[in-house]
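Q: model this:
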Amino acid sequence: ADTTGRMEGRTGLPDDTMRRRRQGPRWRLSKQARRVLEGAFAQDNFPSMNDKDRLALDLDVSRRQVQVWFQNRRQRAKAKHASSVMGSAQIADALMGFGSDDSGDEGAPLQCAASLAAPPAPPPMPTPHALPQGA
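A: Numbering: from 1, shown residues only. Coordinates of the predicted model:
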């Protein structure tokens, strides 16, 4: 138990040691720094430690800042790729008029929700005792 009065987190450590606070203002990339990092990313999206050290020295930032920039840039590239693949597949399906549903009919034409519902029941047939006598 902590005798200083500080709350403990799940790890048993005081909460203030679990949270890492930013030690300064947010890093704002200049256009030149962005060009340098994008150029490095175009050559290798997983740079070595030496490459990160060189970039950090050139940009006057820490290696950790460069590392985080590359992690974030890889995520952006992955998300952009996933959305473009998803978008182009949806466009192709819409243009061809085909889609897939959970039934496994991969090439089945798309149907609107109204056509998938059960057709309305026909009106009931009159029973013989309900007919008029002369009919």
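Q: hey, let's count contacts and neighbours off CA atoms from now on
A: Will do.
Q: can you give me the helices for the protein?
A: 15-18, 31-43, 49-59, 63-96, 113-116 (DSSP state H).
Q: least confident of those, on average?
A: Between the helices of the chain, the lowest average pLDDT goes to helix 113-116, which shows a mean of 52.
Q: let me know which of the helices of the chain is tucked in deepest.
A: helix 49-59 (a mean of 15; mean count of other CA atoms under 10 Å).
Q: now for it, which elements pack on it?
A: Applying 3 or more CA pairs under 8 Å, 6 or more residues apart in numbering; DSSP states H and E, one finds that helix 49-59 makes contact with helix 63-96.
Q: helices and strands around the helix it packs on, which ones?
A: helix 49-59.
Q: among the helices of the chain, which comes closest to Pro126?
A: Nearest to Pro126, of all the helices of the chain, is helix 113-116, at 28.6 Å by CA to CA.
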